[in-house]
Structure formats: C-alpha cells, structure tokens
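S.K.: Sequence first, then the predicted structure:
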Amino acid sequence: VRWTADELRQAYIDFFVSKGHAHKPGSSLVPKNDPTILLTAAGMVQFKPFFMGTETPDVRRVTTFQRCLRTADIDHVGYTDRHGTFFEMLGNFSFGDYFKEDAIRWAWEFVTERMQLPREKLWATIYMDDDEAFRIWHEQVALPGDRIVRLGKESNFWEIGVGPCGPCSEIYYDRGEAHGCGQETCAPGCECDRFLEIWNLVFIQFYQDEHGNLTPLEQTGIDTGMGLERTAAVLQGVSSIFEVDLVRPILDEVARMAGVRYGEDPGRDVSLRVIADHVRGVVFMVFDGILPGNEGRGYVLRRLLRRAALHGRLLGLSEPFLATVADRVVEQMKQGYPELVGQREHIRQVLAWEERRFAETLDQGMGLLEEALDEAQGRGEKALDGERVFRLYDTYGFPPELTREMAAARGLEVDESGFQAHMEAQRMRARSAREEMGYLGKRGVELYRDLSREVPPSRFTGYDRLEDEAQVL
Ligand code: ATP
Ligand code: MG
Ligand code: MG
Ligand code: MG
C-alpha cells in the first residue's frame with residue numbers, strides 16, 4: 001500500500017485515540033504565554049507547563065499533529081534528505097499516566113503492524129545507561145541486541161537545565177548502503193542519510209537540580225515526536241522529505257516556473273528544495289500571525305522569505321513567484337489545515353510585498369556593485385576589495401554569493417580573506433552585543449546573518465550553529 005502523508009497523519013491520530021488518547025489541535029507556531037521560545041519546534045511545546053508541573057492537564061493522554069519550525073536546521077536544508085526548517089511532528093503524550101513500556105510497545109506496534117515497515121530494517125537508539133529501555137526493546141519487542149544502539153547525552157537525553165528531564169529512545173529506518181556515507185562506523189546517529197531517524201520517544205523521569213543532580217520524579221511523562229515527512233518518505237519509497245506527496249508538487253511548481261526539472265542538476269535541486277521548504281514555513285508563519293520584520297519572529301520570516309527569493313534568482317526566476325508557490329502550499333496542506341484557505345489572500349499579499357521590497361534591495365545593491373566592478377576594472381585590479389563586498393552585504397543586505405557570481409562574470413575575483421576578516425569582526429561585535437541582551441534579542445541577533453552563507457555549504461565552516469529550540473526550552 002502506498003500511504004499519502006494525509007493518510008499517515010490521520011492514521012497516527014486514530015491509532016493513539018484507539019489507545020485512549022484525546023486528539024488535541026496542534027498549537028500555533030507562536031508559543032502562547034512563553035516568551036522564552038521563539039517558535040514552536042516540537043509537539044511538546046504547548047504541553048511544557050504540564051511536564052513542568054506548573055499546570056494540571058484535564059486529560060492525561062493526548063495526541064496531536066504539530067506544525068514545527070526549526071531555524072536551527074536551516075544550514076541543512078537542501079543538502080540533507082531529511083531536514084526542513086518546516087515540518088510536521090506527530091506526537092503522543094502522557095502526563096503522569098503511562099510510561100516507557102507502553103510508549104515503546106505502541107510505537108513498535110504502529111510502525112510494524114499499522115505501517116507494516118519491515119522489522120529487519122528498524123533500529124532503536126537508547127540512552128547509554130537506560131537498561132530499562134534496552135530490556136523493553138530486547139525482551140518485549142524482540143529487537144535484536146545488535147540493532148539497539150547506546151548513544152550519549154548529546155542526542156539521547158532531553159533536558160532544559162533545572163527541571164524535568166530524561167533519556168530518549170529513537171527509532172531509525174535503514175534505507176540501505178546506497179544512501180550512506182559508506183564508512184564502517186555508519187550506524188544510527190551517523191550524520192549521513194542512510195539511517196533515517198523517524199521517531200523520538202522521550203521518557204521524562206528525573207528532576208535535575210541546579211547542581212545537575214537527578215532525582216526520580218513521582219509523576220513521569222512521555223513526549224514523542226514522529227516526523228511526518230520523513231516517515232512518509234519511507235512509506236512512499238522516495239529518497240527525501242522533498243519528494244513526498246505533500247512537498248513534491250510545490251517543488252515541481254517552482255521547477256515549472258523556472259523552466260527546469262528536479263533531479264537534473266545538483267545545484268538547482270538545492271535551490272528547489274530550499275524554496276519548497278522555506279515557502280512552506282513562511283506560509284504557516286503568516287497563517288499564525290507573524291509579519292516580516294527586523295527582529296525576533298519577524299526576522300526569521302523575512303530571512304526565510306528572502307532566502308527563497310534569492311534561490312529563485314539563482315534559478316533564473318526574474319519575476320515575483322513566491323505568491324504562486326504559496327498557493328500551491330495551501331493546496332497541499334488544506335486537508336490537514338482547512339483554515340489555511342481563508343487566509344490565502346492575506347498570505348499571498350504579505351509574500352508579494354516582501355518579495356518586492358527585497359527585489360528593490362537587490363536592484364540597489366546591483367547598481368552599487370556595477371560601480372565597484374567598473375572602478376576595479378578601471379584600475380586594472382584582479383579582485384574586488386573585500387570591504388566593498390562586506391559593505392554591500394552588511395548595509396544593503398546584498399548576498400555575497402551574488403557578488404561573487406557577478407564579479408566572476410566580469411573575470412574578477414573577490415578578495416575573500418578581506419571579506420572574511422570583516423565578517424569575523426562583525427561576528428565579534430554581534431557576540432558582545434548578544435551578551436548584553438535577553439533571550440529573544442539574542443536570538444534575533446543570532447539570526448541576523450548572511451542570507452546566502454550556505455551557497456556553497458563548505459564556505460562558512462567557522463559558524464557555530466544555533467541549538468535546537470526544542471532542546472533549549
Ligand atoms: P536529526 O537528528 O535527524 O536532526 P532530531 O533528533 O533533531 O533529528 P527530534 O528533535 O528528535 O529530531 O524531533 C523528533 C522527530 O522530528 C525526528 O525523529 C524527525 O522524524 C523529525 N524531525 C526533526 N527535525 C526535523 C527536520 N529538520 N525536518 C524534518 N523532520 C524533522
Ligand atoms: Mg536535529
Ligand atoms: Mg537525532
Ligand atoms: Mg531525535
């Protein structure tokens with residue numbers, strides 16, 4: 001059977017309703033009453049007070065599907081098979097009700113019986129010393145011991161500083177060597193795309209005090225998250241989250257407008273993926289009431305939008321195209337989110353307006369760049385001054401990638417070390433500014449970065465990435 005993503009979303013909810021869960025709506029991308037979080041990056045965000053014990057839930061078992069946005073993953077988007085900034089998370093939650101054993105057994109039942117994934121391709125990771133989880137996987141589920149991998153704190157322990165915390169167990173699907181890095185050590189947890197993490201189960205069972213001491217909680221909790229697009233990719237036998245039925249038509253629409261085809265050129269494929277992902281994210285951000293701006297959420301929105309527009313240019317799209325892509329997103333998502341349809345016009349307008357503004361920025365930068373190139377050539381220089389490149393970027397938001405391309409078209413190089421030196425100096429300034437700011441402000445500054453830093457991906461290795469919002473709740 002070939003599952004659509006819409007069917008998977010519904011099947012998950014139905015399955016957990018049949019296990020006594022109440023189906024609750026996913027929350028907005030803008031977390032309510034929680035200034036410490038910029039955007040909803042996991043299904044548990046709206047339930048944080050229940051896990052913290054600051055609020056009491058009306059029911060103890062809940063299932064949701066949650067739209068998520070993770071700016072922390074932006075550098076991966078386009079380059080891995082499995083990361084979007086926008087994705088949906090299917091989740092089941094227990095607030096002081098069932099615990100590890102049921103969570104693992106139900107996950108296994110859903111994956112092997114409901115979805116009928118072949119058992120021999122499934123792996124589990126557990127936290128290093130979580131022998132209880134090992135026993136459940138090994139003895140109750142009968143997963144062979146050599147497909148249960150013990151991993152460290154980094155990936156398999158959930159904590160938020162002082163407060164509830166606990167080990168995680170993740171379910172992986174082995175897509176086979178063809179998708180892998182080929183290294184002998186390749187196993188779940190490897191950065192490559194062979195072992196695809198589809199589901200994370202968090203067992204909230206300790207309280208961590210300010211000294212890092214753990215004491216068992218009287219009321220344990222379960223928080224799980226299954227990636228809708230990743231799991232659909234497995235079910236549909238496609239090689240990335242961008243090719244599942246929910247996303248592929250968006251990508252094809254962009255390709256059609258640009259007069260290209262997906263799968264023919266790696267560089268163009270990155271652009272197609274970035275646009276499809278970012279427009280999905282942007283559509284839902286506007287749907288949830290966010291508008292483009294210069295800080296916080298508004299800046300995230302602006303950044304995604306501009307990056308999508310920029311990749312449109314790289315594909316040769318010279319006319320505004322984002323509103324058309326947004327229409328396609330609404331079409332693809334309206335089954336899960338019927339309320340999107342009523343917002344369609346508003347979303348189109350916000351996107352079109354911002355796209356026009358960015359085009360003006362680019363045009364202005366383009367003019368200044370032409371001048372700089374004329375001067376450099378007039379002086380018989382071989383490279384464009386690094387400070388000029390930096391100023392174009394810093395003052396006008398003009399992407400260095402475009403600068404490089406335009407310079408190359410005139411047979412000129414860019415003074416990369418000069419440019420990088422200015423970038424580094426600016427990073428230092430940002431860092432000290434950051435230290436003086438509160439959390440949201442800090443986030444805003446962190447996000448204030450080169451729009452096209454990621455093209456190509458290896459160029460900006462010194463950059464330390466944001467932590468997952470999910471992990472720093
Ligand atoms: P990865 O290690 O692959 O980056 P993760 O461990 O950061 O994933 P979790 O925080 O455990 O992911 O989120 C729960 C689930 O949500 C994952 O198992 C995965 O299926 C899905 N998921 C997480 N990040 C993304 C993303 N950027 N794009 C699509 N799906 C995602
Ligand atoms: Mg991650
Ligand atoms: Mg992981
Ligand atoms: Mg995980």
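M.R.: Cool, got the structure. Ligands and ions are numbered 1, 2, ... in the order given.
S.K.: Quick one: name the residues of the protein near ligand 1.
M.R.: Applying CB under 6 Å from any ligand atom, we find that the chain lies next to ligand 1 at 70, 73, 82-84, 87, 89, 197-200, 225-227, 229-230, 241, 468, 470. C-betas here are computed from N, CA, C, even on glycine.
S.K.: which residue does this protein bring closest to ligand 1?
M.R.: G227 (2.3 Å; CB to the nearest ligand atom).
S.K.: Contacts only, for that residue.
M.R.: Going by CB atoms under 8 Å, 6 or more residues apart in numbering, G227 touches R82, F87, E88, M89, L90, E197, I198, W199, I241.
S.K.: My reading is that the fourth one is in a strand; is that accurate?
M.R.: Yep, that's M89 we're talking about. Yes: counting by DSSP: H, G, I helix; E, B strand; the rest coil, M89 is part of a strand.
S.K.: That one against A42, yeah?
M.R.: Yes: counting by CB atoms under 8 Å, A42 is a contact partner of M89 at 6.1 Å.
S.K.: Tell me where the stretch 201-350 of the chain has helices.
M.R.: Shown for the stretch 201-350 of the chain, the helices assigned by DSSP state H, counting those that start in this stretch span residues 228-236, 248-258, 266-287, 296-314, 322-333, 340-378.
S.K.: Could you point out which of the ones you listed sits nearest ligand 3?
M.R.: helix 228-236 (10.9 Å; CB to the ion).
S.K.: ok, the closest residue in space to G312 that isn't next to it in sequence to M257 distance?
M.R.: Spatial nearest neighbour of G312, excluding adjacent residues (CB to CB, 6 or more residues apart in numbering): F321 at 5.6 Å. Noted for F321: a distance of 5 Å to M257, by CB to CB, to the nearest Å.
S.K.: try G212
M.R.: 53 Å.
S.K.: Which residue of these two possesses the greater neighbour count?
M.R.: M257 (17 against 9; other CB atoms under 10 Å).
S.K.: what's the pLDDT at the more buried one?
M.R.: pLDDT recorded at M257 is 98.
S.K.: swap in the one 5 residues further on?
M.R.: Per-residue confidence (pLDDT) for Y262: 97.
S.K.: cool, and L310?
M.R.: 85.
S.K.: Could you count how many residues lie near it?
M.R.: By other CB under 10 Å, 22 other residues sit near L310.
S.K.: and if you look at R273?
M.R.: Applying other CB under 10 Å, I find that R273 has 26 neighbouring residues.
S.K.: per-residue pLDDT, the residue nearest to G312?
M.R.: Reported pLDDT for F321: 98.
S.K.: My guess is it contacts R256. True?
M.R.: No: judged on CB under 8 Å, F321 makes no contact with R256 at a distance of 10.4 Å.
S.K.: how far away is the residue nearest to W158 when sequence neighbours are not counted from V30?
M.R.: Take W158 and drop its neighbours on the chain: the residue closest to it by CB to CB, 6+ apart is V202, 4.7 Å away. V202 is 23 Å from V30, where distance means CB to CB.
S.K.: who has more neighbours, these two?
M.R.: When neighbours are counted by other CB under 10 Å, V202 and V30 differ, and V202 comes out ahead with 26 against 16.
S.K.: Touching, the more buried one and E170? I think so.
M.R.: No: contact criterion CB under 8 Å: V202 and E170 do not qualify, at 9.7 Å.
S.K.: returning to what we had before: neighbour-wise, which of F321 and R256 wins?
M.R.: More crowded of F321 and R256, by other CB under 10 Å: F321, with 22 against 11.
S.K.: Let me see the contact set for that one.
M.R.: For F321, the contacting residues are V254, M257, G312, E355, by CB under 8 Å, 6+ apart.
S.K.: Which of those sits closest to D415?
M.R.: D415 lies nearest to G312 out of the contacts of F321, by CB to CB, at 28.0 Å.
S.K.: what number of residues lie near that closest one?
M.R.: For G312, the count of nearby residues is 25 (other CB under 10 Å).
S.K.: Check F110 too.
M.R.: Neighbours of F110 (other CB under 10 Å): 22.
S.K.: Quick one, which of the residues of the chain next to ligand 1 are buried?
M.R.: Listed as buried from these are 70, 73, 82-84, 87, 89, 197-200, 225-227, 229-230, 241, 470; burial here means 16 or more other CB atoms under 10 Å.
S.K.: Show me the subset of the residues you listed that also lies near ligand 3.
M.R.: E197 (CB under 5 Å from the ion).
S.K.: I figured G298 hits P292, correct?
M.R.: Yes: in this structure, G298 is within contact of P292 by CB under 8 Å, at 5.6 Å.
S.K.: Compare those two and say which is more crowded by neighbours.
M.R.: The neighbour comparison of G298 against P292 (other CB under 10 Å) goes to P292, with 23 against 15.
S.K.: Need the phi and psi values for that one.
M.R.: Torsion angles at P292 (phi, psi; degrees, to the nearest 10) stand at phi -60, psi 140.
S.K.: Show me this protein divided up by domain.
M.R.: 5-236, 247-465 (automatic domain parsing).
S.K.: List the contacts of the closest residue to L304 other than its chain neighbours.
M.R.: Using CB to CB, 6+ apart and skipping the chain neighbours, the partner closest in space to L304 is H278 (4.3 Å). By CB under 8 Å, 6+ apart, the contact set of H278 is V77, T85, F86, L304, L305, R307, A308.
S.K.: ok, now which ones touch the third one?
M.R.: Yep, that's F86 we're talking about. So F86 contacts R67, C68, L69, D277, H278, R280, G281, F284 (CB under 8 Å, 6+ apart).
S.K.: again, only this time at 7 Å
M.R.: When contacts are counted by CB atoms under 7 Å, 6 or more residues apart in numbering, F86 touches L69, D277, R280, G281, F284.
S.K.: In contact with the fourth one, which residues are there?
M.R.: Taking CB under 7 Å, 6+ apart as the criterion, G281 is in contact with L69, T85, F86, L304.
S.K.: do the same with the first one
M.R.: With CB under 7 Å, 6+ apart as the criterion, the residues that contact L69 are L29, L39, T40, A41, T85, F86, G281, M285.
S.K.: same deal with the third one?
M.R.: If a contact means CB under 7 Å, 6+ apart, then R280 has F86, I250, V329 as its contacts.
S.K.: V325 against D252, yeah?
M.R.: No: using CB atoms under 7 Å, V325 is not in contact with D252; the gap is 10.7 Å.
S.K.: So which residues on the stretch 101-250 of the chain come close to ligand 3?
M.R.: Residues of the stretch 101-250 of the chain lying near ligand 3 by CB under 5 Å from the ion: S155, E197.
S.K.: If we use 8 Å, what do you get?
M.R.: Taking CB under 8 Å from the ion as the measure of proximity, the stretch 101-250 of the chain contacts ligand 3 at S155, E170, G189, E197, N200.
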